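Q: okay, sequence plus prediction incoming.
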Amino acid sequence: MSGPASADELAAVLEQVVQATSPTVDAYRMRTRLIDSIQGALKHRIGVQDLHVQPYGSFVSQQYNAGSDLDLALCGYIPAAKLKPAALAEIYRGEPEEELVPLHKLDKRTKANLLRDAGYRLAGSGVASRDSMEFVLHARVPIVKFADRATGIEVDLCLGNAATSFKAWSVARVAEINPAFGRLYKVVKLWAKAHGINDGASHMFNSWCLTLVVMYFLQQYPSREQALLPPLCELLYEKRPAEDSPRLMQKGAELPPEVLKVMEQRASQAAKVYGARPCPPLLELFRDFVQQCGRNLRGLLAAQESFRRGTRISAFYGQLLHSRPYASQYVLCVEDPYDDNDNTARTFGTWDGHPGTIHYVTSVFERTARRLNSILGASSAPSTSTASSSAASDAWEAESNASSSNASSSTGTAAAGKVPPQPPSLASTLVFLFGPQLVNKLPDLSRRLLGPQLHAWAVSQQGRVPAGELHTQLLKALGAGEEFMCFESFKRRHNIRVLNEVKYTTAEVGWDESNGSSLAIRDATEVVQWTKEKAAAALAAAAKREAKRAKDAAKRAVKNQRKEREAAAVAASTAPAPASTAAHAAAAEAAGAPRSGAAAAGHAAEVSAAAAVAAAEAAAASRPPRPNSRIAPDARNLLNRVVASTLHAGDRAGETPAISADVSSSSHHQDIGPAAAGDPRQPGNRRQQQQSGASRQPDGSRRGPRARGVS
């Protein structure tokens with residue numbers, strides 16, 4: 001659809017990218033009106049004194065465009081008398097308390113409740129769309145996400161103070177020193193978003209970290225003596241402060257009011273020096289940035305001395321720091337210039353458990369550098385040995401990207417005197433660099449380079465499929481997909497878990513170059529393989545859980561059986577031998593003595609009680625052992641009735657029945673519970689005592705009832 005790309009054509013397109021991603025007057029007015037609407041909807045309605053809405057982020061740093069989101073902070077105070085003692089204790093931790101508590105100092109629970117109330121009121125007042133409302137209240141910085149109902153601008157609302165916007169304000173002052181910073185940052189930001197590496201929730205760069213990386217690069221480019229930007233410490237101090245001195249906002253320190261004036265004056269003076277230095281074209285600047293970052297990251301993975309693990313990137317001093325490593329072994333260290341205890345690159349994780357995204361980011365930088373070098377010329381391209389070693393130094397890169405060997409072989413072919421391969425087309429280069437963002441930011445150029453049909457299809461698929469999958473399909477449609485891997489594929493291949501899984505949902509359709517129609521993005525083999533892997537992982541996890549439950553159940557059963565055997569042994573050794581009336585009755589019957597009516601009734605009751613005890617024992621034996629095993633309620637009730645009837649029979653016969661002792665001994669042996677064992681705490685046993693007339697002696701023994709009519 002277009003011929004081989006030339007450096008002049010690509011440079012002209014980068015200038016269009018800068019223009020398309022710059023703020024406009026209409027975008028500024030819409031955001032200021034939205035800020036006023038939010039402040040009007042919340043003021044005097046959520047119990048906050050001196051409430052005002054403070055913008056920060058890209059809107060303050062002037063690095064936003066019409067499609068950027070809006071970062072806002074609620075500022076104000078809440079009277080300490082309205083807070084609970086536990087909340088005040090969490091806020092001040094023994095420090096002197098204040099009458100008015102700033103919102104950014106509130107405890108987590110109060111912050112969450114306040115943001116939730118603010119979100120509901122914005123939705124109720126018609127400012128925010130209810131469908132877009134999302135509460136992220138358990139994050140390091142709790143926020144409320146929503147979209148403006150009138151303009152569709154996405155808003156991130158948090159709690160802060162006047163210093164919340166200082167970092168973004170300082171970025172705007174740095175951009176005034178040398179225009180190269182703003183121009184390079186806009187291109188890098190769009191490129192990083194297209195490749196999915198500007199996403200902290202996916203364990204990669206966040207926007208503040210990426211800003212500091214670009215700033216540090218220009219503090220070293222083309223050399224420290226002829227750098228295009230000064231270290232940030234020069235904008236704050238006369239002399240370079242010691243590395244162990246506290247930073248401006250260390251440990252939540254309040255921002256001195258004179259800082260803004262001092263920094264603005266020093267930035268104006270620095271612009272006369274650094275802004276007058278010669279700067280290469282934007283295309284070369286971008287190429288050198290991705291090439292240098294790729295080398296540094298590759299050296300980090302190889303643990304080279306030039307960029308060894310634990311090294312900090314410091315935009316505050318404009319150099320690498322080796323002397324003050326963080327307590328945690330972070331994969332990448334980019335210190336916050338105003339609070340060096342904060343690592344802005346902590347999203348990459350630590351070396352003892354990182355998710356592996358550092359390998360993907362490194363490969364993106366290296367692939368982009370190779371693509372730009374193929375257009376700008378081989379004179380500045382890396383050597384064959386460097387390209388091959390970068391591909392072989394890590395198994396992740398070897399698996400994820402096979403183009404390094406192609407680059408090495410092509411360089412070797414050129415050195416042997418053969419014709420080097422043609423540079424890629426302008427369309428494929430721009431799609432490689434910016435992906436679907438090219439369709440959004442430069443629709444006219446996209447329609448001309450991609451063709452009306454492919455451009456219309458790409459527009460229709462945005463929002464329906466993941467951006468990385470759409471990026472891949474656009475390159476395949478242009479015949480240039482062999483050197484590219486999106487993060488969605490890398491994530492699936494290495495089973496990487498991220499905080500925003502919904503963003504990487506499975507794509508449904510793709511582009512068929514042969515007839516210009518839609519087709520499945522993944523072929524059947526890949527879908528089947530991916531489904532099998534997911535199913536096998538789920539089955540393995542379920543089997544592991546079941547095995548653990550069975551093991552725990554077996555341990556509990558052995559423990560309960562041991563306890564029951566010990567209890568039975570103790571009961572057998574301590575229980576007194578009861579005088580059994582059944583033995584006397586059997587002897588009398590053998591002698592031929594006739595039974596009285598009362599004695600016959602007692603004998604029948606005793607037989608019934610023995611049968612009930614046998615049934616209870618059988619029921620207890622049939623159940624699997626478990627903690628605090630007891631006889632079923634029906635068996636217990638039957639035993640109580642049998643004991644009561646036996647006592648009545650013995651009362652009428654004038655003799656103390658022995659069945660009570662028998663049942664007590666048997667129930668103690670089987671652990672049938674206090675009710676069946678004659679526990680006086682049970683209501684049923686009190687009635688039995690009252691009916692039988694039994695009483696307890698001072699020594700703890702039980703005296704049987706007296707027969708009626710006997711003196």
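A: Okay, I see it. Numbering: from 1, shown residues only.

Q: ok, V48 to K544 distance?
A: With distances taken as Cβ to Cβ, to the nearest Å, V48 is found 50 Å from K544. (Each C-beta comes from the backbone N, C-alpha and C, glycine too.)

Q: who has more neighbours out of these two?
A: The neighbour count for V48 versus K544, taken as other Cβ atoms under 10 Å, is higher for V48 (21 against 10).

Q: what's that one in contact with, if anything?
A: L42, L74, G76, Y77, I78, L103, L114 (Cβ atoms under 8 Å, 6 or more residues apart in numbering).

Q: would you list those residues in CSV and tack on distance to E564, neighbour count and secondary structure?
A: Formatted as CSV, those follow (distance: Cβ to Cβ, whole Å; neighbours: other Cβ atoms under 10 Å; DSSP: H, G, I helix; E, B strand; the rest coil):
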residue, distance to E564, neighbour count, secondary structure
L42, 66, 22, helix
L74, 63, 25, strand
G76, 66, 23, strand
Y77, 65, 17, strand
I78, 60, 21, strand
L103, 61, 23, helix
L114, 57, 21, helix
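
Q: what about the strands in the stretch 51-200 of the chain?
A: 70-79, 100-102, 134-136, 143-147, 154-159 (DSSP state E, counting those that start in this stretch).

Q: check which helices and strands the last one sits against.
A: Contacts defined by 3 or more Cβ pairs under 8 Å, 6 or more residues apart in numbering; DSSP states H and E place strand 154-159 against helix 25-42, strand 70-79, helix 108-124, strand 143-147.

Q: want to throw the strands of the stretch 51-200 of the chain into JSON lines with distance to L229?
A: JSON lines is the format used below for those (distance: least, Cβ to Cβ, whole Å):
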{"stretch": "strand 70-79", "distance to L229": "24"}
{"stretch": "strand 100-102", "distance to L229": "33"}
{"stretch": "strand 134-136", "distance to L229": "34"}
{"stretch": "strand 143-147", "distance to L229": "31"}
{"stretch": "strand 154-159", "distance to L229": "28"}
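
Q: of those, which is nearest G299?
A: The closest of these to G299 is strand 70-79. By Cβ to Cβ, the value is 33.7 Å.

Q: and the angle from that closest one to helix 25-42?
A: Calculated by axes from the mean of the first three to the mean of the last three Cα atoms, to 10 degrees, strand 70-79 forms an angle of 30 degrees with helix 25-42.

Q: mean confidence for strand 70-79?
A: Averaging pLDDT along strand 70-79 gives 95.

Q: now for that strand, which elements pack on it?
A: For strand 70-79, the elements it packs on are helix 25-42, strand 49-56, helix 58-61, strand 100-102, helix 108-124, strand 154-159, judged by 3+ Cβ pairs under 8 Å, 6+ apart.

Q: okay if I get these as a markdown table plus mean pLDDT and distance to M263?
A: Formatted as a markdown table, those follow (pLDDT from 0 to 100; distance: least, Cβ to Cβ, whole Å):
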| stretch | mean pLDDT | distance to M263 |
| --- | --- | --- |
| helix 25-42 | 95 | 23 |
| strand 49-56 | 94 | 16 |
| helix 58-61 | 96 | 14 |
| strand 100-102 | 93 | 23 |
| helix 108-124 | 94 | 29 |
| strand 154-159 | 96 | 24 |
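
Q: could I get those as a markdown table with distance to A540?
A: Output for the helices and strands packed on strand 70-79, formatted as a markdown table (distance: least, Cβ to Cβ, whole Å):
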| stretch | distance to A540 |
| --- | --- |
| helix 25-42 | 49 |
| strand 49-56 | 46 |
| helix 58-61 | 44 |
| strand 100-102 | 50 |
| helix 108-124 | 37 |
| strand 154-159 | 39 |
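
Q: to C279, which of those lies closest?
A: Among the helices and strands packed on strand 70-79, helix 58-61 comes nearest to C279, with 20.2 Å by Cβ to Cβ.

Q: which residues does stretch 292-306 contact?
A: By Cβ under 8 Å, 6+ apart, stretch 292-306 touches 213, 217, 221, 307-309, 311, 331-332, 358-359, 361-362, 365-366, 368-369, 390, 393-394.

Q: in helices, which of the residues you listed appear?
A: Under the assignment DSSP state H, the contacts of stretch 292-306 contribute V213, F217, I358, H359, V361, T362, F365, E366, T368, A369, S390 to helices.

Q: output the contacting helices and strands for the strand or helix carrying W208.
A: Using DSSP states H and E, W208 sits within helix 207-220. Judged by 3+ Cβ pairs under 8 Å, 6+ apart, helix 207-220 is in contact with helix 166-177, helix 179-195, helix 282-301, strand 312-314, strand 333-336.

Q: so for A276, which of those sits nearest?
A: Among the helices and strands packed on helix 207-220, the nearest to A276 by Cβ to Cβ is helix 166-177 (10.6 Å).

Q: hmm, back to that, and which of the contacts of V48 is nearest P424?
A: Taking Cβ to Cβ as the measure, L74 is the one of the contacts of V48 closest to P424, at 48.6 Å.

Q: so what's the closest one up against?
A: 42, 48, 51, 53-54, 103, 114-115, 118, 157-160.

Q: at 7 Å instead, please
A: When contacts are counted by Cβ atoms under 7 Å, 6 or more residues apart in numbering, L74 touches L51, V53, L103, A118, L157, L159.

Q: residue contacts, the residue nearest to Q461 when sequence neighbours are not counted?
A: Closest residue in space to Q461, ignoring its immediate chain neighbours: L470 at 5.5 Å, by Cβ to Cβ, 6 or more residues apart in numbering. Applying Cβ under 7 Å, 6+ apart to L470 gives the contacts P436, A458, Q461, Q462.

Q: mind picking the two most distant members of the contacts of L74?
A: Across the contacts of L74, no pair lies farther apart than L51 and L157, at 12.5 Å, counting by Cβ to Cβ.

Q: of those two, give the one with the bigger neighbour count.
A: Each of L51 and L157 has its neighbours counted (other Cβ under 10 Å); L157 has more, 23 against 19.

Q: please name the nearest non-neighbouring residue to the more buried one.
A: Using Cβ to Cβ, 6+ apart, the closest residue to L157 is V144 (4.6 Å).

Q: surely that neighbour touches L115?
A: Yes: assessed by Cβ atoms under 7 Å, V144 is found in contact with L115 at 5.0 Å.

Q: higher neighbour count, these two?
A: Set V144 next to L115 and count neighbours by other Cβ under 10 Å: V144 wins out with 26 against 22.

Q: the more buried one bridge partners, please.
A: V144 has these beta-bridge partners by DSSP bridges: F135, L157.
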